[in-house]
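**Q** A predicted structure for the sequence below; I have some questions about it.
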There are 4 protein chains.
Amino acid sequence: MTEFAPFHPGGPGIIHRYAGCDASKVYSEIHAPSIVKDNLPANNFKGKLTSSTINDEWLKPPPTAPQAATPRDDSQPDLDTIINAHDFELAAQKTSTAKTWAFYSSAANDLITRDANKSLYSRIWFRPRILRNVRTVSTSSTILGLPTTLPIFISPAAMAKLIHPDGEIAIARAAQSQGIIQCISTNASYPATEIVTSIASSSNNSLPLHPFFFQLYVDKQRGRSATLLQKLHQHPNIRAIFVTADAAAAGKREADERLKADESLASPITGVAPRNDKKGGGYGRIMGSFIDPSLNWDDIAWLRAQTHLPLVLKGVMNASDVRLACEHGLEGVMLSNHGGRNLDTSPPAVLTLLECHKRCPDVFRKLEIYIDGGIRRGADVLKCIALGATAVGLGRPVLFATAYGQLGVEHLIEIMRDELEVAMRNCGVTSLREAGPWLVNTGDLDHLVPGEEGHPYVKDWSRREGKREREGSVKSKL
Amino acid sequence: MTEFAPFHPGGPGIIHRYAGCDASKVYSEIHAPSIVKDNLPANNFKGKLTSSTINDEWLKPPPTAPQAATPRDDSQPDLDTIINAHDFELAAQKTSTAKTWAFYSSAANDLITRDANKSLYSRIWFRPRILRNVRTVSTSSTILGLPTTLPIFISPAAMAKLIHPDGEIAIARAAQSQGIIQCISTNASYPATEIVTSIASSSNNSLPLHPFFFQLYVDKQRGRSATLLQKLHQHPNIRAIFVTADAAAAGKREADERLKADESLASPITGVAPRNDKKGGGYGRIMGSFIDPSLNWDDIAWLRAQTHLPLVLKGVMNASDVRLACEHGLEGVMLSNHGGRNLDTSPPAVLTLLECHKRCPDVFRKLEIYIDGGIRRGADVLKCIALGATAVGLGRPVLFATAYGQLGVEHLIEIMRDELEVAMRNCGVTSLREAGPWLVNTGDLDHLVPGEEGHPYVKDWSRREGKREREGSVKSKL
Amino acid sequence: MTEFAPFHPGGPGIIHRYAGCDASKVYSEIHAPSIVKDNLPANNFKGKLTSSTINDEWLKPPPTAPQAATPRDDSQPDLDTIINAHDFELAAQKTSTAKTWAFYSSAANDLITRDANKSLYSRIWFRPRILRNVRTVSTSSTILGLPTTLPIFISPAAMAKLIHPDGEIAIARAAQSQGIIQCISTNASYPATEIVTSIASSSNNSLPLHPFFFQLYVDKQRGRSATLLQKLHQHPNIRAIFVTADAAAAGKREADERLKADESLASPITGVAPRNDKKGGGYGRIMGSFIDPSLNWDDIAWLRAQTHLPLVLKGVMNASDVRLACEHGLEGVMLSNHGGRNLDTSPPAVLTLLECHKRCPDVFRKLEIYIDGGIRRGADVLKCIALGATAVGLGRPVLFATAYGQLGVEHLIEIMRDELEVAMRNCGVTSLREAGPWLVNTGDLDHLVPGEEGHPYVKDWSRREGKREREGSVKSKL
Amino acid sequence: MTEFAPFHPGGPGIIHRYAGCDASKVYSEIHAPSIVKDNLPANNFKGKLTSSTINDEWLKPPPTAPQAATPRDDSQPDLDTIINAHDFELAAQKTSTAKTWAFYSSAANDLITRDANKSLYSRIWFRPRILRNVRTVSTSSTILGLPTTLPIFISPAAMAKLIHPDGEIAIARAAQSQGIIQCISTNASYPATEIVTSIASSSNNSLPLHPFFFQLYVDKQRGRSATLLQKLHQHPNIRAIFVTADAAAAGKREADERLKADESLASPITGVAPRNDKKGGGYGRIMGSFIDPSLNWDDIAWLRAQTHLPLVLKGVMNASDVRLACEHGLEGVMLSNHGGRNLDTSPPAVLTLLECHKRCPDVFRKLEIYIDGGIRRGADVLKCIALGATAVGLGRPVLFATAYGQLGVEHLIEIMRDELEVAMRNCGVTSLREAGPWLVNTGDLDHLVPGEEGHPYVKDWSRREGKREREGSVKSKL
């Protein structure tokens, strides 16, 4: 370990802290078992432990866990008192560590986008129809041709293990049992392959494998991304790649920055570990340092060459880019502002969805459109579907539900299913195909939906030319 | 009782709890006397009680009442300090049980519709006229040809006995003495026939009977609804049937779900009793389980065949459905979102009223339009009348006033009458016929009123076709 | 007094309470000295008091003052710490009796109009111009041809004596010293003639008399109004009559109703005294009982016959009525909603002012337009002037300033003057004539300004006809 | 000193207070050393102090400092916990004296403009573009031909010494080290020449001098302004004059007025000292008494004659004045409302910027447009640049950061730089030239942007003529 310590993705400190102790327990709390298997160079493998060699000194208790890992309040409400997504959030706020809460709940700067993501749904009225036979109602749909029991998938979100030891594996199992698709984050706490395998092993082998999506941050070292994709291709139930395009720079998530990062964490997929620096301890910023800000439209061809899987562009915030995505042959776009975490006052995705209708309605025929951010109710889902989304992603609510492990996530999905069914029935709709724009009244938002490519009354934009003229004239004075 | 217990609509528990005791008192607290008379099979009638047979054991006190029945605060304000509908609500919040308050005040999900129902009236300005002789002013009108002293009727609302032992009977007596019409709920705490009779018996027999309306939830077992209508026809003062159409699925009224339901309650009309289940203890959801979600426009003909009474469709939220109601020959529609209790973000009824003007102004000539939800002031009533409503319904305010029994409801109606008269005088209007759309300025709401049938700028809605194209293309990749 | 007691406008109770005591002090606290002089029938005048006849019994202290007269807090801030109109309001709230505060501050129902009166000014932006020589700036103007140092007059407001023994006399002296005009209320605590004389006597007799306006509520007994006008005509400095037209019915001012009225008060002009009744103790409602709700446009001719003075119609809330006022030859209109005290959700006057521009801009050439309600800042005044008002009225702020007597009202007027001058200078305007609509940006209110006579999209308003049709069809069913 | 005391700009009181004491310390706390050097007449220079002459009496402690100078809370947060401009404001609020906080944070009247300055930026959404190579991003630009590392300069703000002894000198050093330009206020705590020199001396003499701007209030005694400009011309790194045009009258900054001014302060540039008067103790009002309210467009020619430097007009609030500025040949305009400190409800500068686009887009080619007020985030900066501003000014945030001296201001600028870069990357923009109006969605503000020169629906504005007609008609009645 002496040799390895300086190269430990989580920094040497944590290695030295456990020198001479049994680090198995603390290791397992943080890392998936597969990390050491996949990453430990052969020459550092010192052999299997003979338990008879364990003496008292060796067994002394490990140092106390870092403060950030102490739950602030252990009075987790009973799962059966949780009746909506807000309840999960409140429970998580009470019982997760301060740092986990900050990391999950924080967003860029003044939280305007994060909060608008939610509040805009409250400003869309339904236009329900009555006296339609709604005895049976179906919420099933397909995403990229894959069946799903709900028009909902699990948005990729980082480091689910912070809130529950089972992390993304709990989510995966819940997704499978509920018949919806999980999109695994590049920054998951478990290796994607382990998440995928954990499901496969528990399902009937004769059935088709339950599908997953994988969210990809393209690495500055492109080779690493290529290698990662190769690895993923070995798992046939990974069925699409969601390439994140809205993370050119990590936003300043201030609540997260203000609390010290636990440097002993490391991303099992990218190997990056957080380090506190003078800007603070924000996980999102530090662990995204490998993301390539030079990614651009020309790279779509490169991505195509690396994978045969359908490609979805995640983080689209402008109808012009939806149109470009069509032109580049992408299978889908995900309208998203990264939960408001990167660019404050970036537009809530539902505005971008409406912008597509206004500016380029043909795109709905050319690719699938997903949407996430701020969805907390089945009614929100129905509004997105009515406005042409194929499916919606759930991010933070799933993380908060993960505090209860697999059961919690299943409970959340059941709640969303129930709410969606109630909303459909009360709107007079029995299948998602029946939901159309006629179902929603967006009158309170319509003035916020941008129309033309440019600015509504900035017709004559030649400031820069003017500026050059002016510079000449000023210089002649100086 | 041993045989009966499993079939007790309120569940067997309550029967067993009182086994061997005198259950008369607790029975009377919850049930109307007529229930046992009407429902007890002859073979279960064991004879009349000889009081000399009562011994000490028999007289032991009944078990303590369930916690939900304990008033939280017994400091009910004097009725003469109550000067508006809000005061009644505050008094009820203080003095009713937590469960009763939750059941009456709760609404679906995030309460957006419930609260907007009220707040939208505050955003409509009057355009008053002055210097018109308003010495005498008349608030009288007719509803379906029946005279009323006010353009107000009592909206059907469930289980008024929760707040006062006289329940709907107190309301009926107040309605009669004030000259307005009560619409009895299918979920009333007293049988409709008993409510109707309680009035008839106390009024001068030579006078025409004071009219009532009856609100009907159509039962999944249609025969039960037919039978119920037959029973109601025996009471000639029931003059119209309001068929509820906005309850295809019970909304999640969260405050109500969070508190345990009292399983000893049962609806005397439907016989349904609440049971706590894993979703919670919401009365509305559980007691509405018999409602038929397959009810549709074709059933109007069936309803016509069951009753000779005028039919009003309750719960219309879209002008398209008002138009359909005209085409199906209904006598009236009630624009309502069920007090925001079923579908959150369903539109406040005043928006639907304005939508009718925008999209199908001819409907005002073809049927009567009623409106409810959020009306708390005489001025709100005048606004609805000015916009073409024939009358408005009062729901929660009446329930809250029932805490004071008949006197309370009379006081509420007097307050509304006084407020309406003051508003009419100060608007320069002496009769409801004079009030027209010119009287109100809806400039702050006009952008919320949907126009065309579809969505304002979603012109080309062919997502589903597009989707099929896409599915083909995606599959070819997989 | 035994004979007189039953006819005492303030009720017999107060007479009996002081039987056998020296009532001089308590009388003077409430009544102006002139009342007894003007109203006491000759046969009830029992002669002058010989002070030697006063014995101990006679001198016993009067009963304790009613609770409502006890100041809640005597820590009145120093006048020189008061720097704006809000400060005066806060000081009055702290130091006046609960009942006085309730009477002055209250407004109809939910206070929507009262509060919007103020808040709408905050939503009008200036469009200031710079680099105009604003060294000297003049705020002087004329109202009905009478010079005023400010485009501000004192709105008629009732019972100023409740907050200071000098009441309206303090206001009158301040108005004179500041060179602005007071409009005396019919419900003033002092007789109008006494207010007017108090000034005349203190000014140099050779100067023209300082002008006043008089606000008239037309009495149900028209003869009383005619007599009152005759009396006023004896005072040549009363220069115009403001006829109130927005008080057909007194609004429910709930804070005022909730507190017991002091029945020993009486209006010296109308003789009406408050009595607590089952609706509560609202001064405004009870003391307005003499107002004629049958007043109508035909009465303008009658009024013209009673007075040679210019007539201004107070309480206009609809541009249609401004147009009618022109047609009836009135000299002015006062756009006002009675401080939001009569009809809640009646429109803030600035909306009516804008409505005049939209619908009948010619009226600005035909009569003078005044405006009141919610004006608290010199900037508010400038906005009204820019939009075509000749002058604005200040109501509640003057009452609150009266807590400090004449000095307080003078201080308030100086503050308004200073604020107006600062606003003019910073807008680039040196005289009121220069202020025009170009100076204000009402973009945030424009959607609230009604246009056409009717409703913007209710084009075809024939509900009543339709209703008759329907009634026939319904009756055939019954 | 006896002779000098009556002429002491700070009033004689402070001189007498220190008579016979060592006033060096208190002098230095308030005045820059250069003041006495520059202003003390030769005959009042009594020679150098021989320290041996100092006796005990002479050394007695000076009177206690005035209460306003006592910090309310000395728990200044560590600079490295400050991560945004809001943090600096909170820290300053906690640690500066009550009077300093009041002076810096206060604004005119009801603070509507001050707060809207900030909140309007939150209502502008970005329209980000993705998949553009944003690996390298440049925030550099030029202002009047001068290079700057950021499109940000330091807005002139008065009396920075109140919060830190280094005052404007700390700011200047930070501006230099960060490569941005400081605009020195006429009311700076240090003489402009001293501020400028403090930088020059610390920079490498062979480099070009770091540039400054100077903000000029034109003095009522024009000669003083001319002299001041002559003095400034001796410093070649003063490169432009910003003439303030929005301070014709000092606004009532109420928080500032309510606290006593420290009369021992004096402006080293103008020599004016505050004095408490009956309006209160507002620094801004009192220290601006020398400003000439007669300044007008004709004076531009006079200013040109006094200086060869580029002239920028500061405080423009109407597009009409931007157009006039073009016609008068100014090099730039600064859209500003003086931080909301002079005219409440004056328009936030971003509305004026939009107004320019709507009404006179050609001005962007003719001069440079700067903007300030309410900018707190790098994203706000980017929005202004996208809408055509050349640069933005930071005012209050810099004052608050000065509490930490030079390091604090540098930290603030680094934060803004980082935020701007993040915003640019996440918008898909790599240089400021690429940012255009297409980048922002102002749909939530567009209704607030005035269009035509006049008022949108006040077409026929001839009130004054009308008024004259009316006056005739009224007079004939009187």
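**A** Structure received. Numbers count the residues shown, from 1 in each chain, chains lettered A, B, ... in the order given.
**Q** Any stretches of the stretch 151-300 of chain A with poor pLDDT?
**A** Low-confidence segments of the stretch 151-300 of chain A (pLDDT under 70): A:200-208.
**Q** what about the strands in it?
**A** Secondary structure of the stretch 151-300 of chain A, counting by DSSP state E, counting those that start in this stretch: strands at A:152-154, A:181-184, A:212-216, A:238-244.
**Q** Backbone dihedrals for residue A:143, please?
**A** phi -130, psi 120 (degrees, to the nearest 10).
**Q** isn't it right up against residue A:390?
**A** Yes. Counting by C-beta atoms under 8 Å, residue A:143 touches residue A:390, with 6.2 Å between them. All C-beta atoms are positioned from the backbone trio N, CA, C, and that covers glycine.
**Q** Quickly list what's touching both of those two.
**A** Shared contacts of residue A:143 and residue A:390 (C-beta atoms under 8 Å, 6 or more residues apart in numbering or on different chains): A:151, A:368, A:370.
**Q** Out of those residues, who's the most crowded?
**A** Using other C-beta atoms under 10 Å in any protein chain shown as the neighbour criterion, residue A:370 leads the shared contacts of residue A:143 and residue A:390 with 29 neighbours.
**Q** so which helix or strand takes in that residue?
**A** strand A:368-372 (DSSP states H and E).
**Q** other SSEs contacting the following helix or strand past that strand?
**A** Toward the C-terminus, strand A:368-372 is succeeded by helix A:378-386 as the next helix or strand (DSSP H and E). Packing partners of helix A:378-386 (3 or more C-beta pairs under 8 Å, 6 or more residues apart in numbering or on different chains; DSSP states H and E): helix A:112-122, strand A:125-126, helix A:349-359, strand A:391-394, helix A:405-427.
**Q** Averaged pLDDT, the helix or strand following the last one. What do you get?
**A** Next helix or strand after helix A:405-427 toward the C-terminus (DSSP H and E): strand A:440-441. pLDDT averaged over strand A:440-441 equals 96, rounded to a whole number.
**Q** and the residue of chain A found nearest chain C, what does it touch?
**A** With C-beta to the nearest C-beta, the shortest gap between chain A and chain C falls at residue A:447, namely 10.6 Å. For residue A:447, the contacting residues are B:447, D:443-444, D:446-447, by C-beta under 8 Å, 6+ apart.
**Q** ok, back up a step: out of the strands of the stretch 151-300 of chain A, which gets nearest to residue B:190?
**A** strand A:152-154 (44.2 Å; C-beta to C-beta).
**Q** Just name the most buried of the strands of the stretch 151-300 of chain A.
**A** strand A:152-154 (a mean of 29; mean count of other C-beta atoms under 10 Å in any protein chain shown).
**Q** what about residue A:135, how many neighbours?
**A** The number of residues near residue A:135, taken as other C-beta under 10 Å, comes to 13.
**Q** If we ignore the residues flanking it in sequence, what's nearest it?
**A** Leaving aside its sequence neighbours, residue A:135 sits nearest to residue B:294 (C-beta to C-beta, 6 or more residues apart in numbering or on different chains; 4.0 Å).
**Q** How about residue A:410?
**A** residue A:174 (4.4 Å).
**Q** Do I have it right that that neighbour meets residue A:406?
**A** Yes. When contacts are counted by C-beta under 8 Å, residue A:174 is listed as touching residue A:406 (4.8 Å).
**Q** neighbour-wise, which of these two wins?
**A** Using other C-beta under 10 Å as the criterion, residue A:174 and residue A:406 rank with residue A:174 on top: 27 against 20.
**Q** how far away is the more buried one from residue D:193?
**A** 71 Å (C-beta to C-beta, to the nearest Å).
**Q** and what of residue A:320?
**A** 52 Å.
**Q** Right, and chain B sits closest to which residue of the stretch 151-300 of chain A?
**A** residue A:239 (7.3 Å).
**Q** which residues touch the closest residue in space to that residue that isn't next to it in sequence?
**A** Using C-beta to C-beta, 6+ apart and skipping the chain neighbours, the partner closest in space to residue A:239 is residue A:211 (4.4 Å). The contact partners of residue A:211, taken as C-beta under 8 Å, 6+ apart, are A:146, A:181, A:237-239.
**Q** Max pairwise distance over these: which two?
**A** Most distant of the contacts of residue A:211, by C-beta to C-beta, are A:146 and A:238, 11.4 Å apart.
**Q** Report how many residues lie close to the residue in the stretch 1-150 of chain A positioned nearest to chain D.
**A** Per C-beta to the nearest C-beta, residue A:112 is where the stretch 1-150 of chain A lies closest to chain D, at 5.2 Å. A count of nearby residues for residue A:112, using other C-beta under 10 Å, gives 21.
**Q** Test my guess that residue A:80 contacts residue B:276.
**A** No. Between residue A:80 and residue B:276 there is no contact under C-beta under 8 Å: 10.8 Å.
**Q** Neighbour count: those two, which is higher?
**A** residue B:276 (16 against 10).
**Q** Please report how far the closest residue to residue A:253 other than its chain neighbours lies from residue A:255.
**A** In this structure, residue A:253 finds its nearest non-sequential neighbour in residue A:106, 3.8 Å apart by C-beta to C-beta, 6+ apart. Computed as C-beta to C-beta, the residue A:106 to residue A:255 distance reads 4 Å.
**Q** More neighbours: which of those two?
**A** Between residue A:106 and residue A:255, counted using other C-beta under 10 Å, residue A:106 has the larger neighbour count: 24 against 18.
**Q** what sits against that one?
**A** Residues near residue A:106 by C-beta under 8 Å, 6+ apart: A:253-256, A:282, A:284, A:341.
**Q** Apply 7 Å and report the result again.
**A** A:253-256 (C-beta atoms under 7 Å, 6 or more residues apart in numbering or on different chains).
**Q** Residue A:257 now?
**A** Applying C-beta under 7 Å, 6+ apart, the residues near residue A:257 are A:279-282, D:83.
**Q** Whichever of these end up buried, select them in ChimeraX.
**A** Restricted to buried positions by 16 or more other C-beta atoms under 10 Å in any protein chain shown, the ChimeraX selection for those reads:
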select /A:280,281,282 /D:83
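**Q** and the contacts of residue A:257, which two are the farthest apart?
**A** Of all pairs in the contacts of residue A:257, the most separated under C-beta to C-beta is A:281 and D:83 at 11.0 Å.
**Q** At which residues are the helices of the stretch 1-150 of chain A located?
**A** With DSSP state H, counting those that start in this stretch, the ranges of helices along the stretch 1-150 of chain A come out as A:12-17, A:24-30, A:33-39, A:56-59, A:85-95, A:98-105, A:112-122.
**Q** quick check: mean pLDDT across the second one?
**A** This means helix A:24-30. pLDDT averaged over helix A:24-30 gives 65.
**Q** gap between residue A:244 and residue A:250?
**A** On the measure of C-beta to C-beta, residue A:244 and residue A:250 end up 12 Å apart.
**Q** oh sorry, the question was meant for residue A:293
**A** Distance from residue A:293 to residue A:250, by C-beta to C-beta: 10 Å.
**Q** All set now, cheers.
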